[in-house]
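S.K.: Any chance you could fold what I've pasted below:
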Amino acid sequence: MNLHGKPAAVGLHCGGSSYVASREVVDFYADALDDRSTLYQAYAPPLLYHSECFKFLFEWYLRNLIGNLHARQEWLLFAPIPVGASLRTRSTIIDRYEKRGRDYVVNETDVSDAGSGALLVRGRTHQSFLREEKQGEGFVVDERSPQDKQPRPPFPTATGEDLAPVAKVVDQRRCWMFSGPSRNYHTDAEEARKLGFPTIVVQGMMTTCFIAEVMMNRFGMGFLAGGRMDVKLTNVLWVDRRVTAHGKVRSQAREGGATRVHCDVWVEADDGTRISIGEASALV
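M.R.: Purely as a prediction, here's the structure:
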């Protein structure tokens with residue numbers, strides 16, 4: 001059941017919006033993330049509408065919000081978004097599954113050109129929800145949680161070129177600019193505690209934006225028009241932490257008249273905790 005008490009069924013249309021990718025909106029994103037690619041003079045950041053799926057969470061979020069977590073994020077970039085473009089979005093539930101005592105809902109959100117209908121960006125958000133019978137006393141996740149997990153296989157396994165890393169400090173101001181202006185568990189410690197967390201949980205979309213910046217810095221238009229990303233959010237990132245996004249070339253393959261460069265990508269906190277790991281690619 002969703003937050004309306006209705007079935008959160010595969011195929012459910014959750015909603016849509018109309019936007020203009022204005023210069024002001026693009027500049028706000030650049031300021032919030034300190035991501036200032038020269039390409040943003042003509043084109044919007046590819047993940048400008050990173051959180052569009054959450055505009056319709058009452059349609060696809062399950063009723064038990066305690067300990068809910070963003071588990072995985074996929075991005076497919078088909079064409080750049082020109083600054084000033086008129087856009088339409090559409091959000092749909094495309095999958096439901098169970099894993100390790102959690103229920104997962106997958107929301108697919110498309111960003112399209114309002115005039116031509118051309119698909120520009122597609123995001124798939126895998127959100128996990130703790131089953132109600134699994135709830136207990138204390139915090140659902142805290143800073144000791146990474147120590148309790150089974151060690152992951154070695155990562156990265158890529159042996160190619162190292163992409164230039166991007167380091168960020170994620171303070172409360174950045175969280176507010178990214179996930180505000182409302183008070184929620186991504187912007188306010190009290191709201192975080194209500195959902196079973198000890199302090200502000202940095203929104204999972206933010207680290208995917210850091211990875212996108214690494215890919216943009218290296219591949220430019222090759223990422224804006226044809227980029228791909230699939231990352232698992234492996235540990236919670238807490239407010240006031242410094243993280244670094246990395247990329248390393250794994251392989252190359254011909255794709256039509258171009259070459260797709262596949263990379264291992266990850267975001268790591270200063271204490272060595274892996275916040276997210278996965279793969280991303282671009283065309284050259």
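
S.K.: In this protein, mark out all the helices, start to finish.
M.R.: 23-33, 57-60, 145-148, 172-179, 189-194, 204-219, 221-224 (DSSP state H).

S.K.: With mean pLDDT and distance to Ile94 added, can I get those helices in JSON lines?
M.R.: For every residue, glycine as well, the C-beta is placed using N, CA and C. Formatted as JSON lines, these follow (pLDDT from 0 to 100; distance: least, Cβ to Cβ, whole Å):
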{"stretch": "helix 23-33", "mean pLDDT": "97", "distance to Ile94": "26"}
{"stretch": "helix 57-60", "mean pLDDT": "94", "distance to Ile94": "10"}
{"stretch": "helix 145-148", "mean pLDDT": "54", "distance to Ile94": "29"}
{"stretch": "helix 172-179", "mean pLDDT": "96", "distance to Ile94": "24"}
{"stretch": "helix 189-194", "mean pLDDT": "93", "distance to Ile94": "29"}
{"stretch": "helix 204-219", "mean pLDDT": "98", "distance to Ile94": "18"}
{"stretch": "helix 221-224", "mean pLDDT": "98", "distance to Ile94": "24"}
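
S.K.: For Asp35, which residues are in contact?
M.R.: With contact set as Cβ atoms under 8 Å, 6 or more residues apart in numbering, Asp35 has these partners: Tyr29, Pro45, Cys209, Glu213, Met216.

S.K.: Let me know how buried the second one is, in neighbour terms.
M.R.: Under the neighbour criterion other Cβ atoms under 10 Å, Pro45 is assigned a count of 25.

S.K.: Nearest spatial neighbour of it, chain-adjacent residues omitted?
M.R.: Leaving aside its sequence neighbours, Pro45 sits nearest to Tyr29 (Cβ to Cβ, 6 or more residues apart in numbering; 5.3 Å).

S.K.: any weak-confidence spans in the stretch 1-150 of the chain?
M.R.: Residues of the stretch 1-150 of the chain meeting the criterion pLDDT under 70: 132-150.

S.K.: Strands of the stretch 1-150 of the chain, residue ranges please.
M.R.: With strands called from DSSP state E, counting those that start in this stretch, the stretch 1-150 of the chain shows them at 13-15, 18-20, 69-77, 86-99, 102-113, 119-130.

S.K.: Just tell me which of those strands ends up closest to Tyr49.
M.R.: Tyr49 sits nearest to strand 102-113 of all those, at 5.4 Å, using Cβ to Cβ.

S.K.: Which of the strands of the stretch 1-150 of the chain sits closest to Ala269?
M.R.: So among those, strand 69-77 is nearest, using Cβ to Cβ, at 16.5 Å.

S.K.: quick revisit: what sits against the residue nearest to Pro45?
M.R.: By Cβ under 8 Å, 6+ apart, the neighbours of Tyr29 are Asp35, Ala44, Pro45, Leu48.

S.K.: what's the burial count for Ala164?
M.R.: Quick note: Ala164 (other Cβ under 10 Å) scores 12 neighbours.

S.K.: Apart from its neighbours in sequence, what residue is nearest it?
M.R.: Counting by Cβ to Cβ, 6+ apart, the residue nearest Ala164 is Asn217, at 5.9 Å.

S.K.: and that neighbour, what does it touch?
M.R.: Here Asn217 is in contact with Ser37, Leu163, Ala164, Val166 (criterion: Cβ under 8 Å, 6+ apart).

S.K.: swap in Arg274?
M.R.: So Arg274 contacts Arg152, Phe155, Thr234, Asn235, Trp266, Val267, Glu268 (Cβ under 8 Å, 6+ apart).

S.K.: What's the local residue count around Lys248?
M.R.: Residues near Lys248, counting by other Cβ under 10 Å: 17.

S.K.: show me the residues around the closest residue to it other than its chain neighbours that make contact.
M.R.: Distances taken as Cβ to Cβ, 6+ apart place Ala158 nearest to Lys248, at 4.1 Å, with adjacent residues excluded. By Cβ under 8 Å, 6+ apart, the contact list for Ala158 reads Lys248, Val249, Arg250, Ser251, Cys263, Asp264.

S.K.: From Lys99, how far off is the last one?
M.R.: Which is Asp264. 23 Å (Cβ to Cβ, to the nearest Å).

S.K.: of the two, who's got more company?
M.R.: Asp264 (21 against 10).

S.K.: Any idea what that one is bridged to?
M.R.: In this entry, Asp264 is beta-bridged to Lys248, Glu279, by DSSP bridges.
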